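Peer 1: coords below, sequence missing:
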Ligand SMILES: Nc1ncnc2c1ncn2[C@@H]1O[C@H](COP(=O)(O)OP(=O)(O)OP(=O)(O)O)[C@@H](O)[C@H]1O
């Protein structure tokens, strides 16, 4: 059985303590003499449009540094043209960066030779695309098995594995159909199944659901959340849709003109937008569904510190409103037996109304020993 391969054959110099990806000072510049752009101080303060005018180059990714932690859903968000696709494609060098560094599991991606890169793209990562990228003349099962086929996995083994994944994503009974005989949502399930079949460490999603209608889209988001919960796989997810980013992301990196505008949890971004651009982005978000009582609470006074219903610090404001209404009095925010603060109607409604100031003014402080 020489054609069978498995994960145990992976030859990598992975550091188990390293982040899934560590990206530093990364640039991708398109255009003439692109490599002169990143280091030149004369270009540092130019806007992307000014840079284009002066040099004829487009800086699609501009001096970007971040880590993707293992097991997190890392969302890259921004308007069209902000550099999302270019950035994510540089992670596996589908697009060669102009300068900077990228490490996956501690291994230098830019130092990888052709064979190592092929392995990185075929086994360690898998991409799910907006246009599905399915092979039209192949059955669902053979599409799902495709990634295993190019790895050289034998037919019986790859079909068995594909069958298992087809069931996992809810396509059982459709194995022999062609992609053209499926709805958009079903086709994207095939795309997802194909990516999962190779058992990658990291799934890279490039706006996978933006061609789907809203209800199907919601279904697919639930599917991703479910898979993530069950498998804990690292996911990098591009979207320009804020609701999708908030729903899926453990952290969100918001880009504009190739640069990072803000990187934080959904709650941090909604509660503390870094600038007016982010503020405009999150203006219509239902804040009570994103912000937790840790951020909404105020210090407890002496009488409140050991009485009243208890809430965990990560309780969402929307749920706390219900709890406060039911108990008829302020609720305590309690962590490890300590009262961190108190939420009452006033504090909670201020969050809903967006007049809470966005400051965690009591965050982390123990206000009364119990
Ligand atoms: N091959 C290329 N040559 C020249 N410029 C490019 C190339 N690829 C991308 N760009 C430019 O780089 C910038 C970032 O493009 P990119 O596709 O990464 O953005 P995006 O945020 O993914 O956009 P969208 O949401 O529309 O896919 C854009 O200004 C784009 O025109």
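Peer 2: Thanks, I have the structure now. This is a predicted model, so every value here is computed, not measured.
Peer 1: how many neighbours does residue 303 have?
Peer 2: Residues lying near residue 303 (other C-beta atoms under 10 Å) number 9. From N, CA and C alone the C-beta is placed, and that goes for glycine too.
Peer 1: now residue 33
Peer 2: The criterion is other C-beta under 10 Å. On that basis, residue 33 has 10 neighbouring residues.
Peer 1: try residue 325
Peer 2: Each residue near residue 325 was counted by other C-beta under 10 Å, and the total is 10.
Peer 1: got a list of contacts for the helix or strand containing it?
Peer 2: Secondary structure here is read from DSSP states H and E; on that basis residue 325 sits in helix 317-327. Applying C-beta atoms under 8 Å, 6 or more residues apart in numbering, the set of residues contacting helix 317-327 from outside is 286-289, 291-293, 296, 308-309, 311, 315, 330-331, 343-345, 348-349, 351-352.
Peer 1: what's downstream of that helix, the next helix or strand?
Peer 2: strand 331-335.
Peer 1: Relative to that next one, what are the paired strands and their orientations?
Peer 2: Here strand 331-335 has these sheet partners by DSSP bridges: strand 310-311 (parallel), strand 338-343 (antiparallel).
Peer 1: Now do the same contact list for the nearest residue to residue 75 once chain neighbours are set aside.
Peer 2: Computed as C-beta to C-beta, 6 or more residues apart in numbering, the closest residue to residue 75 that is not its neighbour in sequence is residue 249, at 3.5 Å. Contacts were defined as C-beta under 8 Å, 6+ apart; by that measure residue 249 touches 73, 74, 75, 77, 237, 265, 266.
Peer 1: Return the member of the residues you listed nearest to the ligand.
Peer 2: Nearest to the ligand out of the contacts of residue 249 is residue 77 (C-beta to the nearest ligand atom; 9.2 Å).
Peer 1: any idea which element that closest one lies in?
Peer 2: Counting by DSSP H and E, the secondary-structure element that holds residue 77 is strand 73-78.
Peer 1: For that strand, name the packing helices and strands.
Peer 2: Helices and strands touching strand 73-78, by 3 or more C-beta pairs under 8 Å, 6 or more residues apart in numbering; DSSP states H and E, are helix 84-91, strand 234-239, helix 242-248, strand 251-256.
Peer 1: Just the buried residues of the helix or strand that the longest one is followed by, please?
Peer 2: Beyond helix 84-91 on the C-terminal side, the first helix or strand identified by DSSP H and E is strand 99-104. Across strand 99-104, burial judged by 16 or more other C-beta atoms under 10 Å covers 99, 100, 102, 103, 104.
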